[in-house]
Every structure is written in structure tokens, then in C-alpha cells.
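Q: what's the 3D shape of this:
(one chain, ligands or ions: 1)
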Amino acid sequence: MHVSHLSLADFRSYARADLALDPGVTAFVGPNGQGKTNLVEAVGYLATLSSHRVSSDQPLVRAGAERAVIRAAVEHGERRRTIELELNPGKANRARINRSSQVKPRDVLGIVRTVLFAPEDLALVKGDPGERRRFLDELVTARSPRMAGVRSDYDRVLKQRNTLLKTAALARRHGGRTMDLSTLDVWDQHLARAGAELLAQRLDLIATLQPLTDKAYERLAPGGGPVHLEYKPSAAGGGTTREELYGVLLEALAEVRKQEIERGVTLVGPHRDELLLRLGDLPAKGYASHGESWSLALALRLASYDLLRSEGGEATGEPVLVLDDVFAELDTRRRERLAELVAPGEQVLVTAAVDEDVPPVLAGARFRVTRGEVTPA
Ligand SMILES: Nc1ncnc2c1ncn2[C@@H]1O[C@H](COP(=O)(O)OP(=O)(O)OP(=O)(O)O)[C@@H](O)[C@H]1O
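A: Down below sits the predicted model:
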């Protein structure tokens, strides 16, 4: 699969941009702050409906404009589809596929799949647990786009349940009426149902990702591993199937209910879980060096790329690989290794400040990006 055309309106620094893209490698080269990352960020947004740099849509809309539009043509074998996403911060976003009438933005997921490497990836290793949960959930959704619906159900139920718990906590503190706990029972079931589905997918993903990450790390930093991915659930209990995990979550919620009512917040569930990364016997966070942390972050992305490539098959094709400003961060040896490992990709988009930062193995089309103008080199 490859993106053959990208067009932006009022996206980030671009009032307008229009580019035709070929399969194979395309590099965007230009000085800092000229709009290179903005281009690949738009491609990433088509795949995940979120940016790899910011958590809200507002910064994606050009300053002074009301909305941004990303349009893309996507080729997969004989099939060509167009996607249009309109970003309206504060209001509902809109989407269209093949210029048809409006669809839910979520329906666009799965048409473009990307694996994106960026300097921000260091947070996968050094950052808060939320960074690793987001990594897992984005990959879970790339494997199975219907999981976007499950994630949004879970978030909605969690929010409503927290509101209810907060009300109960306040009532308790001020000696008011105690809450009718049967309402909470219903929310527990909703939370456990969506939570169990998400949990089952995360566990399956980690089992698949483990050997791939270990292999990728060995290639990037020979002898530095092994790498272990260990899921630390907030709800203790065995099981890997949806039914088993539903039971585990319900039981855990019942156990902590008293504390939850005291504190006014949901204490167990996938939103409190952690993915522990270990290098050898030590946790990577807090122990790994800067270079080791980088290699581990790259290994996680490489493993994701291998996984989506091998599972994509005929239906979805290969993901687009985006390498945003990563080579400048690496020493020559790791730069060459990484480039060799990703070189045969169907479509690879690279950003770099100078030509020398693009490894020779990744020779291909090149655009210059200067002051928001994108021109073929
Ligand atoms: N919403 C926005 N409206 C207008 N300009 C924006 C907006 N968001 C970002 N910019 C501008 O876009 C530029 C950054 O673009 P981008 O991140 O693509 O740079 P880059 O070429 O990748 O640079 P580097 O090599 O430093 O990573 C900055 O000048 C920033 O001010």
C-alpha cells in the first residue's frame, strides 16, 4: 500500500500543499523548522487519527484558520481510494472516503497504516506508563481497526464511572446520602466488558511482539539484550481470553470498590496497567543508558513494522514507514543498521535536515522543504 497523493489545507504551517508521491523511498530535506515533519505528521494522522507530537488537534490547524483538511489518495494493488479528513477543534471532525457522503472518522482507519519512528519515541522507554499504553493501543488498532470503537467505549465508560465515583466521594465527605450502588454495578460490567476486550488484544500483541523486539534489538545493538516485555496488570488474576479477563476485572473492581468510593476514581483496568520493558535483568526505565534507550525504542518500532508487514497480507498490504528525523540521532553504525533493516519497504518517507543524514541505502526521490515550499530536488 502507498500514498500516491497528499494534499493539505491549513494544516500546521501549510496554507496549501500538494504532492504526488511514488512507492519506494521519498526524503524531505531542508533546514530546521521549515515544515518537513508537518508533512509526515499528516500521513501519520490518516493512520491513527492522532498526531505523534501533540494530544489535541488544535495545534494541527494553521494559526488563524478554523479547520484543517488532509486529503490523500491511497493505492493498494489495483485499488485506489481517496480519504478526506476535516479537523475541527472543539467540534466533531468529519471524514469522507472516495468523495462519498460523510462517514465517521473512525471508518477511515485501516486504509492507511503507518509505522512512524520519531525522536519522541524515546518516551516509549523513558516516559510515563501512558506512553507505552498508547503505543500498545495504536498497534492493537492498526492490527484490528474495529478496536478503535472498543477503545472509545472504554474511555467513555471510564469517564462516566469516574464522574459517578467523584459524586459518591463528595457525598460521603459531606455526610450526604450514600449512592445507590446498583448503578455502579452496571458501570462495572460495561467497564469490564470493554476492558477485557482491550486487555485480551494487548496480551496477544505483546506475545507476538516479544520475539520480534528481541530480534530487532539484537540487530541494532548486538549482545546488548535480551529484551523482555512484561505486562503488569492493575487487576491481578490469570487468564488471557476475553471471558476470563472479564471475570478478573469484575472481581478486581469489587475488591477495590471501597477505596474507589473514598478516592472518587477508578483504580483498576487497562488505563492503570503498565508495560514493563527490561534489558537483561534490569528495567530499561531508570537504568538503560541514553543509547540503549534509543535502541530499545527503535527495536519496538522495528518489531511493529515486522508485525504489520507479516500480518498485513493481501487485504491491507505493507504499512508506510515514516522515519522522522531519526538518523541525526544515531551513530553511524546504528544508522546503517536501521537503514538496512527497513530498506526494502514498499513506501518509506524520510525527513532530514541535510542530505548526508539520509543513508545511501535509502536513495530515492527527494523533495526540498524551505519556508513551507515543497519542491522536487
Ligand atoms: N498550527 C500551526 N500554525 C502555523 N505554523 C505552525 C503550526 N504548527 C507548527 N507551525 C510551524 O511549523 C514549523 C515546524 O515545522 P516542522 O515541525 O515540520 O519542522 P521541520 O522542518 O520538521 O523541522 P526540524 O528539522 O527542526 O524537525 C515551525 O516553524 C512552527 O512554528
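
Q: hey, where'd the strands end up in the stretch 101-250 of the chain?
A: Under the criterion DSSP state E, counting those that start in this stretch, strands of the stretch 101-250 of the chain are mapped to 102-103, 114-117, 227-232.

Q: so for the ligand, which of these sits nearest?
A: Proximity of the strands of the stretch 101-250 of the chain to the ligand was assessed by Cβ to the nearest ligand atom; the nearest stretch is strand 114-117, lying at 13.1 Å. No exception for glycine: its C-beta is placed from N, CA and C like everyone else's.

Q: mean confidence for the closest one?
A: For strand 114-117, the mean pLDDT works out to 94.

Q: now do stretch 8-23
A: Confidence over stretch 8-23, taken as the mean pLDDT, stands at 96.

Q: does it reach the ligand?
A: Yes: against the ligand, stretch 8-23 shows contacts by Cβ under 6 Å from any ligand atom at 12, 13.

Q: in that stretch, which residues are buried?
A: Going by neighbour count (16 or more other Cβ atoms under 10 Å), the buried part of stretch 8-23 is 8, 9, 10, 11, 12, 13, 14, 17, 19, 21, 23.

Q: please convert these to CSV, extending it with secondary structure.
A: Formatted as CSV, the entries for the buried residues of stretch 8-23 read as follows, by DSSP: H, G, I helix; E, B strand; the rest coil:
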residue, secondary structure
8, strand
9, strand
10, strand
11, strand
12, coil
13, coil
14, strand
17, strand
19, strand
21, coil
23, coil
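
Q: the domain parsing of this structure - what is it?
A: The chain resolves into domains spanning 1-113+319-377, 127-316 when parsed by automatic domain parsing.

Q: and the first one, how far out from the chain's middle?
A: Which is domain 1-113+319-377. 15 Å (Cα atoms, centre = their mean, to the nearest Å).

Q: how far does it stretch from start to finish?
A: From its first residue to its last, domain 1-113+319-377 covers 24 Å (Cα to Cα, to the nearest Å).

Q: may I ask which two of the buried residues of stretch 8-23 are separated the most?
A: Greatest spacing in the buried residues of stretch 8-23, by Cβ to Cβ: 10 and 23 (28.2 Å).

Q: and residue 49, what does it touch?
A: Residues touching residue 49, when contacts are defined by Cβ atoms under 8 Å, 6 or more residues apart in numbering, comprise 85, 93, 105, 106, 108, 109, 148.
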